[in-house]
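Undergrad: heads up, no residue letters with this:
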Ligand code: PLP
């Protein structure tokens, strides 16, 4: 489909990046299950390898099925280009790989998915990358961390997993830009249907497409989307994009590719050398999932609001952190950034703390006890003993995953059935 700025979100979710297959007329996007692509000539091969011609070489760097998903998610986010990866974590690695270097640092909100806290604060240290975790509500702390000369980026989640914290994207973008660095937003929990961070000044969006975009709990995947608007040459912080790249005969990515520099670098260097490419089959599943993202998100949110209201009124429930509920401290931000639709993943605590929480999780029948979110099926988890167990108690509590916290990802079943399941589980406490 030719990109048309006037198409609505639903149309883009179904058509962006895709066209009937020119060879066969197949209407669905074919799964190009191939590792490599025949060169027309030695000259064409040389030109492809020099990045002088756009085309396919080897599926670690790019694949036609994966490219459809890249274009689709870029269109849904209103971005310039995208890089698909094997998982959401690989997307974070790839985005930061272009910006970082040994001795460099980045600033991240401490309200993040537990796996991201571990990746940032432990594993990335092995590359010589430092992460300053800050309370993103403490703007002086954010400013101070951003002012460090080694800082290359500010990272947050639009709607944080699992605590339901909603970042003040507009303010964080302006603080990041004041320090000459991009704002990177993990938009996994909101999906581009509920929130488009570029509209609030973000520069790079990250997705775990494993979650709502793919939507059916069937395919791992990640995405880095670039707005194309950040000026990489405004300072000397980003030499990967602004200095000659020896592995491409001294090519300067920003000079050569302009607003596509980060996207091309992500494929031509990031995917080429780190290797976490998305599998074509997983791209196909995510493309199919993306087609129904708008209607799925509507029902996810509708069901979540009903379940949250039920829990909020239940005598055995101590608290519910759903930004759609009256009195929730993030309700105003849900209105501003999520169109009043507070997603479908939230946490609550039952009276009786850790032990009662675990008992409840085990007593659920329709809810599946597992470590994922954004599935059609409803999911339940005790983060402190699972996804956030690598964290110290202080880190887990800061991330909204303290000992009594139970996380729900509300799926697309009949809402009354979900409520009945929680009710029977609660009766046993
Ligand atoms: N970001 C968020 C908000 C997540 O919830 C997750 C996974 O749960 C990730 C990133 C990592 O994604 P993946 O599991 O696809 O690597």
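TA: Here it is on my side, so go on. All of these numbers come straight from a predicted model, not from anything done at the bench. Numbering: from 1, shown residues only.
Undergrad: the stretch 1-150 of the chain against the ligand: which residues are in contact?
TA: 87, 88, 89, 113, 115, 116 (CB under 6 Å from any ligand atom). Just so you know, the C-beta spots here come from the backbone N, C-alpha and C atoms, and that holds for glycine as well.
Undergrad: dump the residues you listed into JSON lines; add neighbour count, secondary structure and pLDDT as well.
TA: JSON lines is the format used below for these (neighbours: other CB atoms under 10 Å; DSSP: H, G, I helix; E, B strand; the rest coil; pLDDT from 0 to 100):
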{"residue": "87", "neighbour count": "18", "secondary structure": "coil", "pLDDT": "98"}
{"residue": "88", "neighbour count": "24", "secondary structure": "helix", "pLDDT": "98"}
{"residue": "89", "neighbour count": "21", "secondary structure": "helix", "pLDDT": "98"}
{"residue": "113", "neighbour count": "25", "secondary structure": "coil", "pLDDT": "92"}
{"residue": "115", "neighbour count": "20", "secondary structure": "helix", "pLDDT": "92"}
{"residue": "116", "neighbour count": "24", "secondary structure": "helix", "pLDDT": "96"}
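Undergrad: all strands of this protein, in order?
TA: Counting by DSSP state E, the chain has strands at residues 81-85, 105-109, 130-134, 151-157, 183-186, 204-208, 222-226, 317-321, 345-350, 368-369, 379-381, 405-409.
Undergrad: as a markdown table, these with mean neighbour count would be great.
TA: Shown next, in a markdown table, are the strands of the chain (neighbours: other CB atoms under 10 Å):
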| stretch | mean neighbour count |
| --- | --- |
| strand 81-85 | 29 |
| strand 105-109 | 25 |
| strand 130-134 | 20 |
| strand 151-157 | 25 |
| strand 183-186 | 28 |
| strand 204-208 | 28 |
| strand 222-226 | 30 |
| strand 317-321 | 18 |
| strand 345-350 | 25 |
| strand 368-369 | 15 |
| strand 379-381 | 23 |
| strand 405-409 | 26 |
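Undergrad: just the residues of the stretch 1-150 of the chain next to the ligand now: which is nearest the ligand?
TA: Relative to the ligand, the closest of these is residue 88; by CB to the nearest ligand atom it sits at 2.3 Å.
Undergrad: could you dump the strands of the chain into JSON lines with mean pLDDT added?
TA: Shown next, in JSON lines, are the strands of the chain (pLDDT from 0 to 100):
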{"stretch": "strand 81-85", "mean pLDDT": "99"}
{"stretch": "strand 105-109", "mean pLDDT": "98"}
{"stretch": "strand 130-134", "mean pLDDT": "98"}
{"stretch": "strand 151-157", "mean pLDDT": "99"}
{"stretch": "strand 183-186", "mean pLDDT": "99"}
{"stretch": "strand 204-208", "mean pLDDT": "98"}
{"stretch": "strand 222-226", "mean pLDDT": "99"}
{"stretch": "strand 317-321", "mean pLDDT": "96"}
{"stretch": "strand 345-350", "mean pLDDT": "95"}
{"stretch": "strand 368-369", "mean pLDDT": "97"}
{"stretch": "strand 379-381", "mean pLDDT": "97"}
{"stretch": "strand 405-409", "mean pLDDT": "96"}
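Undergrad: output those as CSV; include the columns distance to residue 287.
TA: Formatted as CSV, the strands of the chain follow (distance: least, CB to CB, whole Å):
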stretch, distance to residue 287
strand 81-85, 10
strand 105-109, 30
strand 130-134, 33
strand 151-157, 24
strand 183-186, 21
strand 204-208, 14
strand 222-226, 12
strand 317-321, 33
strand 345-350, 23
strand 368-369, 25
strand 379-381, 23
strand 405-409, 22
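Undergrad: OK, contacts around the residue nearest to residue 381 when sequence neighbours are not counted?
TA: Leaving out its chain neighbours, the residue that sits closest to residue 381 by CB to CB, 6 or more residues apart in numbering is residue 407, at 4.7 Å. By CB atoms under 8 Å, 6 or more residues apart in numbering, the residues touching residue 407 are 161, 162, 345, 346, 347, 373, 380, 381, 382, 383, 401.
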